[in-house]
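Asks: everything below, folded, please.
(one chain, ligands or ions: 4)
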Amino acid sequence: MIDIIQIRTMKENTKGLESGINKGFPDIYNSFPKEVRDALNRFEAFFRKSLSSDSPLLNEVMRYIFDRRGKRIRPACVFLSALASAPSKPFTDKTFAGTAAIEMVHTASIVHDDVVDRSDQRRGNKSVNAEWTSRIAVLAGDYLMAKALVMITEYQMFDFMNVMSRPIVEMSVGEMIQIEKSISLDTTEEIYFEIIRKKTAVLIGASMEIGAKSSGASHLAETMYCIGENIGMAFQIKDDIFDYEKTNLLGKPTGNDVVENKITLPLIYALKQVDSKRQKEILKCVKHSSTDRKHVSTVRDFVLENNGLTYATTVAEKYVEKALNLISVLDDSPAKQSLISLSLYVTKRNE
Ligand code: IPE
Ligand code: IPE
Ligand code: MG
Ligand code: MG
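Replies: Residues are numbered from 1 along each chain as shown. Ligands and ions are numbered 1, 2, ... in the order given. Below is the predicted model of the structure:
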């Protein structure tokens, strides 16, 4: 637990945090119930405190990450799920600790991912590997991952151990399958769905599950997990669509999936529309894009001509539809309404 001595040490080590350069939350969060908006703000302070350590360098890296926060979509999922599950007493200490653990795992995964994807930009700024080095990014990611598990132990959330540790394993396996497939270049839709379920959807599912469990509504844990998993599938497909945009809307480079030889849904579909000779030509461009970025636009044009983005959007919307069907069984409430809005936001977002 965070105690007074730790807070004092933390204050010394995180000087300047108060003048952070945090962006606001996505606009859609303004429509969330006040309890959820308040919880998201309280979470920020809790999260910042829980990142402190004895290493000034680590504190510097953590401050850098905290100051450039993301959309906090997973915390929003935890709080909305908790409020929809237990409207009278939704948020306990465990809800905040569980949310911090989830966001730590997510943050670790993107810090590591930028090393793996050799990406120098994140959230509109330099990635940790670009600002420092890859070895510092690897260690900072390890620290965040381990801190998440310590959080679960400190708050005696032993019944959450399984929910929290499964996404960590699945993410590693998902990213590893992705690397294997970027070498063999033979990703099918089925494999693609397996990869994105593991690397993204399971953690968003876990966020929703933790929301239900931490508010004492274990009977809703499975339904909430499934809602989150479907939102997560749509979320990653949309992220992969963004990678085909010419302009950078998300504060991270576009075209990087092709450069890293990641065959995502828009390209999988487009390749299926042409004969094997054309497929080979395009796969050659994908391979060569790692050394010469001019091939990225050839692949992008090919995907657009063959309706890859339209198809991927339709599939993402199907996952949203699945989430909405599951949400419809919940009791009516403002939080349920916000879960509907959040599901729709995932494919409509431009951030
Ligand atoms: C980025 O996740 C990685 C994916 C799973 C696509 P987010 O888009 O949620 O990242 P931040 O936290 O808002 O930057
Ligand atoms: C999602 O994959 C990353 C994780 C779940 C760790 P991406 O590689 O597409 O994520 P971005 O686009 O770099 O955020
Ligand atoms: Mg990446
Ligand atoms: Mg991406």
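Asks: now the residue in the stretch 151-300 of the chain that ligand 2 sits nearest to: how far from residue 206?
Replies: Closest residue of the stretch 151-300 of the chain to ligand 2, Cβ to the nearest ligand atom: residue 199 (4.1 Å). Backbone N, C-alpha and C define where each C-beta goes, glycine included. Look at residue 199 and residue 206: by Cβ to Cβ, to the nearest Å, they are 13 Å apart.
Asks: which of these two has more neighbours?
Replies: Neighbour tally, residue 199 and residue 206, criterion other Cβ atoms under 10 Å: the higher count belongs to residue 206, 32 against 23.
Asks: does ligand 2 sit close to the helix or strand encompassing the more buried one?
Replies: Take DSSP states H and E as the rule and residue 206 turns out to sit in helix 202-214. No - Helix 202-214 stays clear of ligand 2 (Cβ under 6 Å from any ligand atom), getting no nearer than 7.3 Å.
Asks: same check, this time on stretch 316-328
Replies: No - using Cβ under 6 Å from any ligand atom, stretch 316-328 stays clear of ligand 2, coming no nearer than 13.8 Å.
Asks: okay, buried residues for that stretch please.
Replies: 316, 317, 319, 320, 322, 323, 324, 326, 327 (16 or more other Cβ atoms under 10 Å).
Asks: helix or strand right after the worst-scoring helix or strand of the chain on mean pLDDT?
Replies: Ranking every helix and strand in the chain by mean pLDDT, DSSP states H and E puts helix 4-13 at the bottom, with a mean of 38. Under the assignment DSSP H and E, the closest C-terminal helix or strand after helix 4-13 is helix 34-50.
Asks: now that next one: mean pLDDT?
Replies: For helix 34-50, mean pLDDT rounds to 96.
Asks: got the angle between the helix or strand just after it and helix 34-50?
Replies: Using DSSP H and E, the helix or strand that follows helix 34-50 in sequence is helix 56-67. Interaxial angle of helix 56-67 relative to helix 34-50 (axes from the mean of the first three to the mean of the last three Cα atoms, to 10 degrees): 160 degrees.
Asks: name the helices or strands packed onto helix 56-67?
Replies: helix 128-131, helix 134-154 (3 or more Cβ pairs under 8 Å, 6 or more residues apart in numbering; DSSP states H and E).
Asks: tell me the most buried of those?
Replies: helix 128-131 (a mean of 21; mean count of other Cβ atoms under 10 Å).
Asks: secondary structure element holding the residue in the chain sticking out farthest from the centre?
Replies: No residue in the chain sits farther from the centre than residue 277, which is 36.5 Å out by Cα atoms, centre = their mean. Secondary structure assignment for residue 277, by DSSP H and E: helix 276-288.
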